[in-house]
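# Output the structure for:
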Amino acid sequence: MAIAGDYGRYFSANRRMVLVPCCVLFLHILGLLILSSASLSFEGSNYLLRQCLWLAAALPAGAIALAFPLRRLEGRGKIFYALAAVLLVAVLIPGVGRAVNGSRRWLSLGMVHFQVSEFAKLALVLFLADHLAGLRDRARHPWHGFALPCLWIAALAGLILLEPDYGAAALFLLVGLALLFLNGVPLRPLLLCAALACLLLAIFIARNPVRLSRILSFLDVESTRQTGSYQLWQGMVGLQSGGWWGLGLGNGRQQLFYLPEAHTDFIFPVLAEELGFAMALAVLAAFFIIFFLLWMEIYRIPSPFLFLLAMGMLLFLILQAAINLAVVMGLLPTKGMALPLISYGGSNLVLVYTFLGLLLNCLRTAFFWKEREETDGNFSQEP
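Predicted structure coming up:
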């Protein structure tokens with residue numbers, strides 16, 4: 001009850017932040033509605049029911065994250081990082097990791113399949129927040145503030161690249177380098193590091209015929225619409241065919257006959273076809289409101305650890321959504337990456353709710369720290 005009262009006081013003092021849980025609820029309800037339609041093409045597979053079962057795990061995870069004493073996370077980033085590294089190695093072992101479509105990204109726990117890279121996102125953010133916040137006046141140190149964190153980021157990204165999951169590896173690098181920049185590392189060495197990462201990624205793609213074919217097809221979508229760009233082309237057709245108000249829920253054609261992975265990576269074209277361009281714009285607006293409000297609030301956090309922790313989680317959510325939308329709109333090559341709160345995927349759903357819970361927890365904690373600082377000049381005690 002005390003925690004609920006704290007959040008009540010926080011939202012009363014920051015009324016615009018009420019829009020964040022409202023937009024989250026809107027996106028998730030809309031996602032479940034679209035998922036009920038997008039999964040029609042999979043006979044005998046009730047993805048809506050499965051997503052609801054995962055929601056039963058995601059909601060408690062989010063609730064725990066909302067109430068968890070954040071001081072207990074400080075100093076434990078290395079533990080989370082080590083566990084993530086062990087799991088990422090384990091998933092590469094035949095017989096341990098579960099292979100789907102040529103990639104080993106999942107560990108099987110009975111009937112539950114867990115995507116390890118989702119947990120690794122939380123581990124990376126916790127580790128970097130812990131390490132970088134502890135540097136204080138050494139934030140610009142070339143070894144402790146830049147080179148060493150880059151090695152830790154590259155290690156996790158490299159393990160994910162071996163699965164292979166090129167998109168997730170790039171996402172880890174982007175978030176990691178962004179946190180270094182926010183911690184005071186100059187832009188020039190970060191750009192050099194990013195250029196080196198792009199070069200290595202290009203070499204890996206050139207040595208992988210499947211990924212290279214995706215890139216070449218993306219460069220000429222219309223000519224390869226029946227072969228390498230088939231999925232992207234059908235997604236773009238879905239985006240255009242619904243008009244302003246859509247064909248009606250369950251009346252879409254793309255997910256029934258044409259569009260592969262309509263319930264996961266390419267669920268947004270299904271939404272646009274059935275509910276129309278107006279609802280697609282509403283989805284974009286909801287994501288923008290969530291990210292903009294959280295971004296503005298995070299910049300007011302006085303604690304370096306909480307600032308980096310919250311910003312890292314927000315960047316993972318922002319960039320994942322942006323990459324998914326850019327792919328289905330034909331702005332990036334086809335890459336399997338879920339749209340947060342809307343796509344089917346249990347591991348990602350649990351992580352998204354955990355991130356959102358921790359984000360609000362960081363903001364609540366910072367709010368009460370600031371309140372105490374104004375009253376007694378001390379914000380070192382957690383509420």
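# What does the pLDDT read for the residue nearest to residue 13 when sequence neighbours are not counted?
Nearest non-adjacent residue to residue 13, counting by C-beta to C-beta, 6 or more residues apart in numbering: residue 367, 6.9 Å away. Every C-beta, even on glycine, is put in place using the N, C-alpha and C of the backbone. With respect to pLDDT, residue 367 scores 87.
# What's the local residue count around residue 330?
16 (other C-beta atoms under 10 Å).
# tell me the phi and psi of it?
phi 80, psi 20 (degrees, to the nearest 10).
# Surely it touches residue 232?
Yes - A contact is recorded between residue 330 and residue 232 when judged using C-beta atoms under 8 Å, the distance being 6.0 Å.
# Name the residues contacting each of these two.
Residues touching both residue 330 and residue 232 (C-beta atoms under 8 Å, 6 or more residues apart in numbering) are 218, 221.
# Report the separation between the residue nearest to residue 13 and residue 182.
As judged by C-beta to C-beta, to the nearest Å, residue 367 and residue 182 stand 21 Å apart.
# So which of these two has more stuff around it?
Higher neighbour count among residue 367 and residue 182: residue 367, with 22 against 16, using other C-beta under 10 Å.
# Let me see the contact set for the more buried one.
Neighbouring residues of residue 367 by C-beta under 8 Å, 6+ apart: 10, 13-14.
# Where does it sit, in terms of helix or strand?
helix 346-376 (DSSP states H and E).
# got a list of what the most centrally placed residue in the chain touches?
Residue closest to the average C-alpha location in the chain (C-alpha atoms, centre = their mean): residue 317, at 3.8 Å. By C-beta under 8 Å, 6+ apart, the contact list for residue 317 reads 291, 340, 352, 355-356.
# For residue 246, which non-adjacent residue is closest in space?
That would be residue 276: by C-beta to C-beta, 6+ apart, it lies 3.4 Å from residue 246.
# Make sure I have this right: residue 149 is in a helix.
Yes - counting by DSSP: H, G, I helix; E, B strand; the rest coil, residue 149 is part of a helix.
# Surely it is in contact with residue 124?
No - contact criterion C-beta under 8 Å: residue 149 and residue 124 do not qualify, at 10.2 Å.
# Now do the helix or strand of the chain with the lowest mean pLDDT: which elements does it pack against?
Least confident helix or strand, the chain: strand 97-100 with a mean of 74, by mean pLDDT, DSSP states H and E. Counting contacts by 3 or more C-beta pairs under 8 Å, 6 or more residues apart in numbering; DSSP states H and E, strand 97-100 packs against strand 103-109.
# mind checking how far the strand it packs on is from the chain centre?
In terms of C-alpha atoms, centre = their mean, to the nearest Å, the centre of strand 103-109 is found 18 Å from the chain centre.
# Could you list the residues in contact with it?
Here strand 103-109 has contacts from 87, 90-92, 96-98, 100, 113-117, 163-165, using C-beta under 8 Å, 6+ apart.
# Mind listing what's buried along it?
Using 16 or more other C-beta atoms under 10 Å as the test for burial, strand 103-109 gives 103-107.
# ditto for stretch 156-170
So for stretch 156-170, counting by 16+ other C-beta under 10 Å, buried means 156-157, 159-161, 163-170.
# Least confident of the residues you listed?
Lowest pLDDT among those: residue 164, 82.
# separation between that one and residue 210?
9 Å.
# what do you get for residue 311?
Taken as C-beta to C-beta, the span from residue 311 to residue 210 is 34 Å.
# Who has more neighbours out of the two?
Of the pair residue 311 and residue 210, residue 311 is the one with more neighbours under other C-beta under 10 Å, namely 25 against 11.
# and the nearest residue to the more buried one once chain neighbours are set aside, what does it touch?
Leaving aside its sequence neighbours, residue 311 sits nearest to residue 298 (C-beta to C-beta, 6+ apart; 5.4 Å). By C-beta under 8 Å, 6+ apart, residue 298 lies in contact with 307, 310-311, 314, 359, 362-363.
# Model confidence for residue 298, exactly?
Confidence score, pLDDT, at residue 298: 95.
# now swap in residue 27 and tell me
Looking at residue 27, its pLDDT is 95.
# tell me which element it is part of?
Going by DSSP H and E, residue 27 is part of helix 19-38.
# Next SSE downstream of that helix?
Per DSSP H and E, the first helix or strand lying C-terminal to helix 19-38 is helix 47-67.
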